[in-house]
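*Asks:* Requesting a structural model of the entry that follows:
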Amino acid sequence: RGCVAAEGMLRPSLAAVLLGVQAAAIWVPSPNTSDARFNAWLKDEARAWAALKAAQRPAPEDAEVRLALVGDSVTRNIALSLCFALGARPGRMGKPGRRCKYVHYCRAPGANVSVVACVETRGPIASVEESLDEACDVPGARRLFATRESRCAADVVLFGTGGLHYLHLGGARPWPEAKVKAAARLPSVVSSGLGAIRARGACPVFHTLNAVCPAAFEGVFSEWYSWKRLSEYCRNFSAHHPQLLPSNPTHSGDGPIHALDASGSVVVTQETCPLFSLTDFGSRYVHDLELRAVALADAFRAQTQPHGRAVSATLVNPPGTAATAVRARIVGLGDHLPGHAVGTRVIDGFSITYGQCWASAHTDGRHYVPIIHHKVAALSSHVRECLASSPER
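*Replies:* Residues are numbered from 1 along each chain as shown. From the prediction side, this is the model:
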């Protein structure tokens, strides 16, 4: 079972290290760790969160720790696991508006912790700000998150792009025009989402997509797990939609596959189309795009920090594709970003789930419920850091 075989430290992915994103150093429960033991540990963590928040306020009027989550079904599983581990029975409301398909919420008994989650299973995330407002307007969540200062006073916001929803699988799972365009906008979704969270005074935690395990596929999904078939699908798609999916051999799997255009959008072509597939290599590709988008957002944010180093505008379209080259461009040929410029905290869902096919349900290959505790533990570590950090976060 690889990295989950024993309790210890879960190492972040190589891409996370090279791109400089701040992945959690966490306690990892082993498969033999009982739910009761984990739940007891998390309740202790929740009390520590409340103490950290109270310590930030000399005369605390509100010691409630509020956690908000925005994402897809992967994020939903984290929210529900968090509520159940804290001994809370989550409430749910379906289709409260145009953003959230479901809103889940809970308050942990015996701990000043509230949780709300907007689950957007309709497709890629469009607006974190609107999703948060919609979730907090649900009556059950409103009484937990509304304060005199804000109607949605979250301390920490876990945000995922819904990356699995960007992915096609040829004829088994076609790629509609809306999702092709959404894939191109992935960097701006990340940067605008992180910016919207910070603008609310909350601490952002980014969650990458999970790894895909094609070994769990059957039937037509299994038949389409083929680079040759996916390439044929993409050629046909490009032939019928040349403006939407042009052919550009310089943006192939052997070229600068992470290229961005002048607006900062991903260059999606016939040649890169197979890389946006619901496969192990496709999820790795989008995972790397997500981490790169986070690193770029942090680099540009560093420009606005006092005494921060200026970051070259060529970061919008850095040459080459190696993660080391991207890292060098971001930090100024090896120098570190200013110490006061706190990087976005990341839960690397891809690294946690990669190679863990045993934990994914038969015919699924995208969700890994038996090891969800690893993500909750990572989130707890980040919540501690967020609550102990400056308002700048």
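*Asks:* Look up phi and psi at residue 171.
*Replies:* phi -70, psi -20 (degrees, to the nearest 10).
*Asks:* Kindly apply the preceding question to residue 78 instead.
*Replies:* Torsion angles, degrees, to the nearest 10, at residue 78: phi -70, psi -50.
*Asks:* got it, and residue 102?
*Replies:* Here is the backbone geometry of residue 102 (degrees, to the nearest 10): phi -140, psi 150.
*Asks:* Look up how far residue 75 lies from it.
*Replies:* Going from residue 102 to residue 75 by C-beta to C-beta, to the nearest Å gives 11 Å. (Each C-beta comes from the backbone N, C-alpha and C, glycine too.)
*Asks:* cool, residue 213 as well?
*Replies:* 19 Å.
*Asks:* all helices in this protein, in order from the N-terminus.
*Replies:* 14-19, 35-55, 73-85, 128-136, 139-145, 177-184, 186-199, 219-223, 227-240, 280-302, 323-331, 349-353, 372-388 (DSSP state H).
*Asks:* Flag every buried residue along the last one.
*Replies:* Translated: helix 372-388. Buried residues in helix 372-388, counted by 16 or more other C-beta atoms under 10 Å: 372-387.
*Asks:* Then the fourth one?
*Replies:* By neighbour count, and taking 16+ other C-beta under 10 Å as the criterion, the buried residues in helix 128-136 are 128-136.
*Asks:* Ok, the second one next?
*Replies:* The neighbour-count check on helix 35-55 (16+ other C-beta under 10 Å) flags 38, 41-43, 45-50, 52-54 as buried.
*Asks:* sorry, back to before: nearest to residue 366, of the helices of the chain?
*Replies:* Residue 366 lies closest, by C-beta to C-beta, to one member of the helices of the chain: helix 73-85, at 7.7 Å.
*Asks:* between that closest one and helix 372-388, how many degrees?
*Replies:* Helix 73-85 and helix 372-388 are oriented at 80 degrees to each other (axes from the mean of the first three to the mean of the last three C-alpha atoms, to 10 degrees).
*Asks:* Touching stretch 79-89 from outside, list them.
*Replies:* 35, 38-39, 42-43, 46, 67, 69, 90, 104, 106-111, 113, 115, 117, 119, 372-373, 375-376, 379 (C-beta atoms under 8 Å, 6 or more residues apart in numbering).
*Asks:* let's see it at 6 Å
*Replies:* Around stretch 79-89, the neighbours that count as contacts under C-beta atoms under 6 Å, 6 or more residues apart in numbering are 39, 42, 46, 69, 90, 104, 106, 108-109, 115, 117, 372, 376.
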